[in-house]
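Chemist: Structure, please.
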Amino acid sequence: MNKTLMLITLAAVAAACNSQRADPNAPRVLALDGSTFTIQVQADEAARKAGEKDFKDTLIFESGRFRSTECEPVGYRATPYTAKENGKAWTFESSQHSDQDGDTVWMGTVSGERVEGSFVHTGKDGRAHRATFSGSGSAAMVMNAYAPRSAPAWDFNATIIEACSCPMFCQCYFNSKPAGPGCCSKPDDPELKKRFCRFNNAFHVNHGASAGVKLDGAKFWVAGDLGSDFSEGKMGWAVMHFDPAVTPSQRDAISAIVGHLYPVKWDSLTVGKDASIDWHATRDHAEAKLDGGKMGEVQLKKNPGMSDDPIVIKNLKYWGAQRNEGFVLMANEVEAYRSGEKQYEFKGTNGFMITVDLNADDVAGAKKKGY
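Modeler: All right, here's what the predicted structure looks like:
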């Protein structure tokens with residue numbers, strides 16, 4: 001599979017994953033996350049006449065959610081918020097509901113170390129009252145608020161049992177086309193369009209975390225076809241499956257991280273149904289099965305070398321990962337995807353195991369360098 005590709009699939013992966021669960025309350029990471037503000041709330045004249053009083057409050061933004069600590073005792077809970085950059089400031093909005101107290105819509109602006117805004121509280125009796133607020137946050141928190149980011153600090157270390165239809169180790173790492181008919185042909189040879197790279201990648205997360213969510217032990221599967229030409233960073237299709245044990249918050253984190261690991265654009269990217277993933281690996285043999293082999297299977301056997309040690313290719317980058325422990329060459333005995341309308345099966349073609357490692361700092365550094 002090709003590594004020199006620079007288009008981002010983070011949004012596509014996350015959207016595909018979200019479309020499967022359609023959870024409107026799932027947390028999302030936004031630019032104000034990590035910010036905390038102490039505010040003074042002042043009821044307007046109509047609210048004062050209705051008995052509303054001024055009070056102090058603390059506003060907290062974390063994991064894509066907004067909290068008002070003074071409102072929590074009457075049944076309000078952290079809810080998703082939206083944030084939009086407006087010059088040197090950020091505007092935000094969040095709607096909260098309490099079965100005990102009614103509904104409150106918060107709107108505000110963060111600028112420098114200050115926050116100000118208003119909210120409208122509609123009680124269970126249907127009467128609405130308005131209040132304004134202003135306050136400040138610590139410099140460290142405000143600095144975090146002004147650092148727009150697609151993800152919080154995260155790290156990811158995983159071992160992949162990988163196989164594809166290429167007859168030997170991936171020429172994709174050295175070329176913009178997969179193996180197939182038309183070798184040594186002219187660029188306009190129609191045979192080149194018949195090439196493909198149909199793959200199965202079975203992941204086992206060794207250790208990792210994102211926004212406090214531990215990823216250790218999570219298993220997931222990516223199958224697909226890179227297509228005939230990926231010189232412009234455009235791939236064919238891919239489908240992602242999660243083991244049922246992977247939690248919703250882990251899926252969110254993994255989906256985002258996979259977008260950084262494989263920074264490409266897909267013609268089609270979907271999330272398939274959950275299925276159990278059996279994953280076992282030794283230095284001589286590796287196997288992975290999706291739904292017991294009914295939906296997918298990879299069996300790898302160590303390639304013979306000059307000694308009994310595995311053959312390992314090092315100093316070669318794996319896609320967007322900044323570190324890996326080397327490509328352990330293991331030809332496949334079978335690599336098959338047996339789900340849906342695009343099933344395939346190959347025997348004796350390319351296969352390897354690899355342990356990759358990447359984190360949020362790697363991604364930030366790559367962006368600064370223009371990768």
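Chemist: how about the CA coordinates for the longest helix anywhere in the chain, as PDB?
Modeler: In the chain, with assignment by DSSP state H, the single longest helix is helix 248-261. Output of helix 248-261 as PDB, limited to C-alpha atoms (Å, rounded to 0.1, in the frame of the first residue of the first chain):
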ATOM      1  CA  PRO A 248     -18.300   4.000  20.800                       C
ATOM      2  CA  SER A 249     -15.700   6.400  22.300                       C
ATOM      3  CA  GLN A 250     -12.900   4.100  21.200                       C
ATOM      4  CA  ARG A 251     -14.400   4.000  17.700                       C
ATOM      5  CA  ASP A 252     -14.400   7.800  17.500                       C
ATOM      6  CA  ALA A 253     -10.800   8.000  18.500                       C
ATOM      7  CA  ILE A 254      -9.700   5.200  16.200                       C
ATOM      8  CA  SER A 255     -11.600   6.600  13.200                       C
ATOM      9  CA  ALA A 256      -9.800   9.900  13.700                       C
ATOM     10  CA  ILE A 257      -6.400   8.300  14.100                       C
ATOM     11  CA  VAL A 258      -6.800   6.000  11.100                       C
ATOM     12  CA  GLY A 259      -7.400   9.200   9.000                       C
ATOM     13  CA  HIS A 260      -3.900  10.300  10.000                       C
ATOM     14  CA  LEU A 261      -2.400   6.900   9.500                       C
END
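Chemist: which parts of that helix are buried?
Modeler: Applying a neighbour-count criterion of 16 or more other C-beta atoms under 10 Å, one finds 249-261 buried in helix 248-261. (Each C-beta comes from the backbone N, C-alpha and C, glycine too.)
Chemist: Counting by contacts, list what it packs against.
Modeler: Helix 248-261 sits against helix 10-21, strand 154-164, strand 198-210, strand 213-214, strand 234-242, strand 351-359, with contacts defined as 3 or more C-beta pairs under 8 Å, 6 or more residues apart in numbering; DSSP states H and E.
Chemist: What about residue 115, how many residues nearby?
Modeler: Other residues lying near residue 115 total 26 when counted by other C-beta atoms under 10 Å.
Chemist: What's the separation between the closest residue to it other than its chain neighbours and residue 109?
Modeler: In space, and not counting its chain neighbours, residue 115 is closest to residue 37: 4.5 Å by C-beta to C-beta, 6 or more residues apart in numbering. Using C-beta to C-beta, to the nearest Å, we find residue 37 at a distance of 11 Å from residue 109.
Chemist: Settle it for me: which of those two has more neighbours?
Modeler: Summary of the neighbour comparison: residue 37 and residue 109, criterion other C-beta under 10 Å, with residue 37 having more neighbours (25 against 14).
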